[in-house]
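Engineer: Build me a model from this:
(one chain, ligands or ions: 2)
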Amino acid sequence: MIKGIVTKIARREFARALKFEEGATPQLHTCADEKQRLLYMHIPFCEELCPYCSFHRIIFSAPFARRYFQSLRREISIYREKGYKFRGIYVGGGTPTVLIEELAATLDLARKNFDIKEISVETNPDHLTEKNIEILRRSRVNRLSVGVQTFNNQLLKKMGRLEKYGSGEIIAEKLKSTQGAFDTLNVDMIFNLPSQTQQELDADLDILLDLEADQVTFYPLMVSRITRELLEKTMGEVDFSNEYKLYRLINRRLEKDYKFSSSWCFSRRESPIDEYVVDYDEYAGLGSGAIGYLNGACYANTFDIEKYIGLLEQDNLPLMAERRFALVDQMRYDFLMKLFGTKLDMMQLEDKYDGKFSKTLWKEIGFFQIVRAFRYFSPFLYLTPWGRYLWVIMMREFFIAVNNFRDYCRKQAGIV
Ligand SMILES: C[S@@+](CC[C@H](N)C(=O)[O-])C[C@H]1O[C@@H](n2cnc3c(N)ncnc32)[C@H](O)[C@@H]1O
Ligand code: SF4
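Structural biologist: Numbers count the residues shown, from 1 in each chain. Ligands and ions are numbered 1, 2, ... in the order given. Okay, the predicted model is just below:
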């Protein structure tokens, strides 16, 4: 019953909070403070498009992607001119490694402009080549995150990944030979895929434990309305009723060797960047369709990639939508993200909000206390195991709301 209530309220509230304002052109303010933010860069190209994926991506074409990377570098320069400082970089996609030299040139430019301490890059198993690994290491990438999803060949086939990325056995071999090349090698998995059984997930966990992966991120299946339709045609029904059972299985199998970096990220040791939304209060989103959170506002770049390139070729920023959060929503955002990292420092948030944090969020804090989602050891709130699952629900609903927003923008840009 609690699961149902949390799902319903989270769905309603995130849909409301993520209603972006249209019409007015959002502005990027100049920045005069020394706050260390994260620089998120989005690379919207993939060689194949997987049917379950709601990210902003199109089929890769080298000449187009080359122009895209040039524009991305212009965008980095604009942020520097506006006074922004960044400490960390996260490159996500799509598949950021489609043009490895372009990616390296972009990371080099960012490192020249900012005092970067940590870099995380996403990739797919096909791109784990010696050449790519060498280039990424030279670009000082600390964390490489590889999309695996499952090692089960039947599921990989249904997901359209078996032919492209090879069997589970081949992928495991590639991961094994990449182990040790970066401070953190992260493996992205998905659980609660349509038709996935407990036994299939258990077999995935056997392989992960055997690999001794530095870090495993186990995303619950999260689909937008459009992706859900597509996925149900190819893989079967999307059903959340097994999610808790499968999540408990993951916890049981991993908790001996891993600690929780977030409700769904398991690390063997400290990693430079786990979940940037947890580690950084603010992040800038660069690249087509990137979403940033700066100065209490969420904003998005245009999803029209041609338009994105064109605007930057004229040295114009490609911002297309903004959602300014009321103070209470900024507090809720911090409450959500900090606890997603499994612990929240009440003192820090009281300081940030002039002593008004718990007074304003008394209903939210009270509700989750009554349902035993966390324990309080002053000044920290710590999620309980049950609370970690409630936060899986909350974050799943948050990302579904983001995915629905992406669907809408992609439609406007004529992509879907
Ligand atoms: C944007 S992808 C980039 C990785 C790379 N393109 C690949 O697929 O190997 C990052 C990760 O998001 C996760 N992801 C994609 N679609 C998802 C969905 N519908 N639900 C949950 N996780 C998803 C997958 O684990 C994926 O590896
Ligand atoms: S899962 Fe990765 S490869 Fe597949 S479409 Fe999404 S971003 Fe591209």
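Engineer: Pull up the distance across stretch 308-321, start to finish.
Structural biologist: 13 Å (CA to CA, to the nearest Å).
Engineer: so how far is it from its chain's centroid?
Structural biologist: 23 Å (CA atoms, centre = their mean, to the nearest Å).
Engineer: Now do it: everything it contacts.
Structural biologist: 20-22, 25-28, 67-68, 70-72, 74-75, 78, 287-288, 299-303, 307, 409 (CB atoms under 8 Å, 6 or more residues apart in numbering). Every residue, glycine included, has its C-beta placed from N, CA and C.
Engineer: repeat that for 6 Å
Structural biologist: With CB atoms under 6 Å, 6 or more residues apart in numbering as the test, stretch 308-321 has contacts from 20, 26, 28, 67-68, 71, 74-75, 288, 299-302.
Engineer: Pull the most distant pair out of these.
Structural biologist: Distance extremes for the contacts of stretch 308-321: the farthest pair is F20 and R67 at 26.8 Å, using CB to CB.
Engineer: what's the lowest-pLDDT member of the contacts of stretch 308-321?
Structural biologist: Ranked by pLDDT, these bottom out at F20, which scores 74.
Engineer: ok, now which ones touch it?
Structural biologist: If you count contacts by CB under 6 Å, 6+ apart, F20 has them with 321, 323.
Engineer: for P194, same thing?
Structural biologist: By CB under 6 Å, 6+ apart, the residues touching P194 are 235-238.
Engineer: which residue sits closest to it, ignoring its sequence neighbours?
Structural biologist: Spatial nearest neighbour of P194, chain neighbours left out: G236 (3.7 Å); criterion: CB to CB, 6 or more residues apart in numbering.
Engineer: Next one: the one you found relative to ligand 1, how far apart?
Structural biologist: Here the distance between G236 and ligand 1 works out to 14 Å (CB to the nearest ligand atom, to the nearest Å).
Engineer: all helices for the stretch 151-300 of the chain, in order.
Structural biologist: 153-158, 162-165, 168-178, 198-211, 225-234, 243-254, 276-279 (DSSP state H, counting those that start in this stretch).
Engineer: and of the contacts of stretch 308-321, the nearest to ligand 2?
Structural biologist: Closest approach to ligand 2 among these (CB to the nearest ligand atom): S288, at 13.6 Å.
Engineer: Dihedrals phi and psi, that closest one?
Structural biologist: Torsion angles at S288 (phi, psi; degrees, to the nearest 10) stand at phi -60, psi 130.
Engineer: Neighbours of it, how many?
Structural biologist: Residues lying near S288 (other CB atoms under 10 Å) number 30.
Engineer: Let me know the secondary structure of Y40.
Structural biologist: Per DSSP: H, G, I helix; E, B strand; the rest coil, the local secondary structure of Y40 is strand.
Engineer: now it, which residues is it bridged with?
Structural biologist: Counting by DSSP bridges, Y40 forms beta bridges with Y90, G285.
Engineer: before we move on, what about R143?
Structural biologist: When bridges are taken as DSSP bridges, the partners of R143 come out as S120, T184.
Engineer: What separation do you get for it and ligand 2?
Structural biologist: Taking CB to the nearest ligand atom as the measure, R143 and ligand 2 are separated by 17 Å.
Engineer: can you offset everything so residue one is 366?
Structural biologist: Okay, using 366 as the starting number, the last item reads as R508.
Engineer: Sketch out the low-pLDDT regions of this structure for me.
Structural biologist: 386-389, 636-641 (pLDDT under 70).
Engineer: how about the residues of it near ligand 2?
Structural biologist: 411, 414-415, 418, 420, 422, 458-460, 489, 512 (CB under 6 Å from any ligand atom).
Engineer: okay, the contacts of stretch 673-686 in JSON lines with secondary structure and distance to I498 next?
Structural biologist: Output for these, formatted as JSON lines (DSSP: H, G, I helix; E, B strand; the rest coil; distance: CB to CB, whole Å):
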{"residue": "F385", "secondary structure": "coil", "distance to I498": "38"}
{"residue": "P391", "secondary structure": "coil", "distance to I498": "38"}
{"residue": "L393", "secondary structure": "coil", "distance to I498": "35"}
{"residue": "R432", "secondary structure": "helix", "distance to I498": "26"}
{"residue": "Y433", "secondary structure": "helix", "distance to I498": "23"}
{"residue": "S436", "secondary structure": "helix", "distance to I498": "27"}
{"residue": "R439", "secondary structure": "helix", "distance to I498": "28"}
{"residue": "E440", "secondary structure": "helix", "distance to I498": "27"}
{"residue": "S653", "secondary structure": "coil", "distance to I498": "27"}
{"residue": "Y664", "secondary structure": "strand", "distance to I498": "34"}
{"residue": "A665", "secondary structure": "strand", "distance to I498": "32"}
{"residue": "N666", "secondary structure": "strand", "distance to I498": "30"}
{"residue": "T667", "secondary structure": "coil", "distance to I498": "33"}
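Engineer: Let's have the residues you listed in TSV, adding distance to Y754.
Structural biologist: Listed next are the contacts of stretch 673-686 as TSV, based on distance: CB to CB, whole Å:
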residue	distance to Y754
F385	30
P391	36
L393	38
R432	44
Y433	39
S436	41
R439	43
E440	38
S653	34
Y664	31
A665	30
N666	33
T667	36
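Engineer: out of those residues, who has the most neighbours?
Structural biologist: When neighbours are counted by other CB under 10 Å, S653 leads these with 30 neighbours.
Engineer: pretty sure that residue contacts F410?
Structural biologist: No - applying CB atoms under 6 Å, one finds S653 not in contact with F410, separated by 10.0 Å.
Engineer: count of neighbours near F516?
Structural biologist: Applying other CB under 10 Å, I find that F516 has 24 neighbouring residues.
Engineer: what sits against it?
Structural biologist: F516 makes contacts with 533, 569, 572, as judged by CB under 6 Å, 6+ apart.
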